[in-house]
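J.: Below are the sequence and a predicted model for it; my questions follow.
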Amino acid sequence: MTSIGWLQIILFSLVILLITKPLGLYMAHVIEGDNIIGDHRPTLYRRLENLLYKLCGITVSEEMSWDRYTQSLIFFSLASCLFSYLILRGQGYLPFNPMHFSTHQAPDFATALTPDLAFNTAISFTTNTNWQSYAGETTLSYFSQMVALAFHNWVSAAAGISCAAVVIRGFARQKIKTIGNFWRDLIRITLYILFPIAFLYAILLVSQGVIQTFAPYLTVTTIEGSKQLIALGPVASQEAIKLLGTNGGGFFNANSAHPFENPTPLSNFMEMLSIFLIPAALTYTFGYLVKDTRQGWALLSAMFVLFFAGVTTCYALEGQGNPLIANQHIETDIKTLGDLGGNMEGKEVRFGLANSALFTTVTTDASCGAVNCMHDSLTPLAGMIPLINMQLGEVVFGGVGAGLYGIIIFAVLTVFIAGLMVGRTPEYLGKKIEEKEVKMAMLFVLAAAFSILLFTAIALVTKIPAGNFLNPPGAPINNINNTGPHGFSEILYAFSSGTANNGSAFAGLNTNTIFYNTLLGLAMMIGRFFMIVPVLALAGSLVNKKIIPASSGTFPTSGWLFVSLLIGVIALVGALTFFPALCLGPIVEYLLMNKQVLF
């Protein structure tokens, strides 16, 4: 650990805080469609927006009830998922496939796009998870990357922000039954929020050396005289939206550790910044639209406290390094080497420990899943930080939209618990929190725990020997390459990541089998739709309620007392639910590591 490392973490946090208000204000006007962009929209944008409404048969003035909004979201997601599945299965017949993947001319190193892998991938990108059971450069054509996958990077992100907008309207409106128009929200968010930022961001990435080309892979001669194949592709355009939309799926298998995706310290800083950009700004959007910006700052404060707790712990533990290496009497002068004196296994030297720990925390706080280091190589307790981040429900900033409505769910639970403590009917932003709202909030919380723990248990007790059609010949049982608590952590991480719609992995587990592709696909669907539906139902209930003016007995929800209670509820729910599982994995591994035991 170094002072420069800590300064980089502080600088990153300050930049996020500076951007939160202006971007949040802009998004508030986009969501509600008033004069910031109303009559001042660029002519091209206005014409394109109106054309899309006309082509899709959308009546802009027509609003939907919560159940109709939910139906539109689910049907759109299912249709787009089928669209991606068909492209993936048929990529051998489609253009922009210079390496001839999925054809008889495919190179020997190519990965077959089997039905189960195509199913898992289509579900993954539809749900904003971007879990990848394959290496992009050995499996997918340029067409599949751009159309089947990058398409979802846009619309799944826009759908998440749309759901956050619905929850905001639930608190901002009163005594009505409509919560917006899904198609209008989807189009406006894509056109006015995601596209302009991603367009400029892609240009900045290209300026840093991120590649953008349709050329076929390049064969070069190394200095040793051997031949090496260099994978290329239209990377910058996909990189921009995958990070901005907290999608995370890498064009290359190494993701943001690959120099073609993330070549410089500046590109690394921009990538981390883009992950938190929209989730942070949405807190101000929330406060602005409910006419009390202190409420948004309170939610952001809770997010930042949890974020700092994670990043400082991860950086400190990685800075201490692995005691088993220290016991080998390797001469290292930490004052001279700086970050290199810690655990540098699985990390890029150009980023160092501080930026690796920061990226690890940011990407799992925000359900992004892009990585610039190998999470499987983190020391046990440092590796527990991304696990906890995902198991808390992705509310520490969370995905675009998903983070805001996730932490609002916990805010509802917090005021309910506070109301029980003082003997009053709980209220949040003037809306009474009653039986239905609490039920919906609990369904949201229980859906994640159910998926993570159930599927982890199934994977642990289901022993599939190599050679079985569910497990390829030569593979270890259940495709776990590590034994003991670390092997358990790899399985727990996979289903935590899938359910949290994150997409990062402890990569010692090979999941490209029928068994894992199917189970993870189900986990991702539960983590997306079984959690969105209760959220929209809660918003539909709240929007029909009257806003009650605050009184002397109203529990304040904009001060540090509320923030502290909110953090406590989030931590308590996560601890009670997942602490036993964490004890069996990273905590036991840490204790055994100090006893000279490796896995």
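T.: Alright, I've got the coordinates.

J.: What separation do you get for A575 and Q391?
T.: 10 Å (C-beta to C-beta, to the nearest Å). C-beta: built from backbone N, CA, C; applies to glycine.

J.: Which one's more surrounded, those two?
T.: Under the criterion of other C-beta atoms under 10 Å, the comparison of A575 against Q391 puts Q391 first, with 27 against 14.

J.: OK, contacts around that one?
T.: With contact set as C-beta atoms under 8 Å, 6 or more residues apart in numbering, Q391 has these partners: A448, I452, S496, A500, G574, T577, F578.

J.: same check, this time on P216
T.: If a contact means C-beta under 8 Å, 6+ apart, then P216 has P98, M99, L232 as its contacts.

J.: For the second one, list the residues it contacts.
T.: Which is M99. Applying C-beta under 8 Å, 6+ apart, we find M99 in contact with A106, P107, A110, S141, P216, Y217.

J.: Which among these count as buried?
T.: Applying a neighbour-count criterion of 16 or more other C-beta atoms under 10 Å, the buried members of the contacts of M99 are A106, A110, S141.

J.: so where do the strands sit in this protein?
T.: Remark: strands of the chain, listed N- to C-terminal, are 218-221, 227-230, 427-428, 431-432; assignment by DSSP state E.

J.: Pick the most deeply packed of these.
T.: strand 427-428 (a mean of 23; mean count of other C-beta atoms under 10 Å).

J.: State the mean pLDDT of it.
T.: Taken as a whole, strand 427-428 has a mean pLDDT of 91.

J.: quick one, phi/psi of the spatially most central residue of the chain?
T.: Nearest to the geometric centre of the chain sits S367, at 1.8 Å (C-alpha atoms, centre = their mean). Backbone dihedrals for S367, given as degrees, to the nearest 10, come out at phi 50, psi 40.

J.: On the pLDDT front, check it for me.
T.: Looking at S367, its pLDDT reads 89.

J.: Wait, it touches A402, no?
T.: Yes: S367 is within contact range of A402, at 6.2 Å (criterion: C-beta atoms under 8 Å).

J.: shared neighbours of these two, anything?
T.: Both S367 and A402 are in contact with N128, E394, N501, where contact means C-beta under 8 Å, 6+ apart.

J.: measure A523 to L7 for me?
T.: According to C-beta to C-beta, A523 and L7 sit 39 Å apart.

J.: which one of those two has more residues nearby?
T.: Higher neighbour count among A523 and L7: A523, with 29 against 11, using other C-beta under 10 Å.

J.: ok, the more buried one - contacts?
T.: Taking C-beta under 8 Å, 6+ apart, one finds S451, I452, F455, F495, G498, T499 in contact with A523.

J.: Kindly indicate the member of these with the most neighbours.
T.: Comparing the contacts of A523 on neighbour count, T499 comes out first with 34 neighbours (neighbours: other C-beta under 10 Å).

J.: Could I get the phi/psi values of the most far-flung residue of the chain relative to its centre?
T.: Most distant from the centre of the chain: G225, at 41.8 Å, with distances by C-alpha atoms, centre = their mean. The phi and psi torsions at G225 (degrees, to the nearest 10) take the values phi 90, psi 0.

J.: got the contact list for it?
T.: Applying C-beta under 8 Å, 6+ apart as the definition, G225 turns out to have no contact partners.

J.: Give me the pLDDT value at it.
T.: 87.

J.: same deal with L592?
T.: In this prediction, L592 carries a pLDDT score of 90.

J.: try H329
T.: Reading off the per-residue confidence, H329 sits at a pLDDT of 61.

J.: Then P473?
T.: Reading off the model, P473 has pLDDT 62.

J.: And for K335?
T.: The model reports K335 with a pLDDT of 46.

J.: Repeat that for L454.
T.: 95.

J.: distance of it from A448?
T.: If you go by C-beta to C-beta, the gap between L454 and A448 works out to 11 Å.

J.: Among these two, which residue is more densely surrounded?
T.: With other C-beta under 10 Å as the criterion, L454 and A448 differ in neighbour count, and A448 comes out ahead with 28 against 16.

J.: Return the residues in contact with the more buried one.
T.: Counting by C-beta under 8 Å, 6+ apart, the residues that A448 touches are Q391, G393, T499, A500, G527, M531.

J.: For R173, state which of those residues is nearest.
T.: Within these, distances to R173 taken as C-beta to C-beta reach their minimum at M531, with 22.7 Å.

J.: And that closest one, how far from E63?
T.: Looking at M531 against E63, where the rule is C-beta to C-beta, the gap reads 23 Å.

J.: Name the residue in those two with the higher neighbour count.
T.: Between M531 and E63, counting by other C-beta under 10 Å, M531 is the more crowded of the two (26 against 17).

J.: Roughly how far does the more buried one sit from L460?
T.: Taken as C-beta to C-beta, the spacing of M531 relative to L460 amounts to 24 Å.

J.: Need the pLDDT of R46.
T.: We have a pLDDT of 79 for R46.

J.: For G33, see how far away it is.
T.: When C-beta to C-beta is the yardstick, R46 and G33 sit 12 Å from each other.

J.: that older thread, the contacts of A448: which two are farthest apart?
T.: Pairwise distances across those (C-beta to C-beta) peak at 13.6 Å, for the pair Q391 and M531.

J.: Low-confidence stretches in the stretch 51-200 of the chain?
T.: Within the stretch 51-200 of the chain, not a single segment meets pLDDT under 70.

J.: for the stretch 251-400 of the chain, same thing?
T.: When residues are selected by pLDDT under 70, those of the stretch 251-400 of the chain lie in 326-341.

J.: hang on, the earlier thing: right, so of the strands of the chain, which gets closest to S267?
T.: The closest of those to S267 is strand 227-230. By C-beta to C-beta, the value is 18.8 Å.

J.: Can you give me the buried ones in stretch 94-102?
T.: By neighbour count, and taking 16+ other C-beta under 10 Å as the criterion, the buried residues in stretch 94-102 are L94, N97, M99, F101, S102.

J.: next one: stretch 79-98
T.: For stretch 79-98, a neighbour-count test (16+ other C-beta under 10 Å) marks S80, C81, F83, S84, Y85, I87, L88, R89, Q91, L94, N97 as buried.

J.: next one: stretch 572-584
T.: Neighbour-count burial for stretch 572-584 flags V573, G574, T577, F578, A581, L582 (criterion: 16+ other C-beta under 10 Å).

J.: contacting residues for the spatially closest residue to the residue nearest to the centre of the chain that is not a sequence neighbour?
T.: Of all residues not flanking S367 in the chain, G399 sits nearest, at 3.8 Å (C-beta to C-beta, 6 or more residues apart in numbering). Contacts for G399 (C-beta under 8 Å, 6+ apart) come out as N128, A157, G160, T246, P279, A366, S367, C368, N501.

J.: Now with 6 Å, please.
T.: The neighbours of G399, taking C-beta atoms under 6 Å, 6 or more residues apart in numbering as the test, are N128, G160, T246, S367.

J.: And for the first one, the neighbour number?
T.: Applying other C-beta under 10 Å, we find 32 residues neighbouring N128.

J.: residues in contact with it?
T.: Contacts here follow C-beta under 6 Å, 6+ apart; on that basis N128 touches S156, N247, G399, N501.

J.: What of I31?
T.: The contact partners of I31, by C-beta under 6 Å, 6+ apart, come to A165.

J.: Just the pLDDT for it.
T.: Taking I31 on its own, its pLDDT is 90.

J.: From the buried residues of stretch 79-98, pick the one nearest I548.
T.: Out of the buried residues of stretch 79-98, the one with the shortest distance to I548 is S80. That distance is 40.4 Å, counting by C-beta to C-beta.

J.: Could you check how far the closest one is from R294?
T.: Following C-beta to C-beta, the distance that separates S80 from R294 is 38 Å.

J.: Equivalent analysis for L18, please.
T.: L18 is 19 Å from R294, where distance means C-beta to C-beta.
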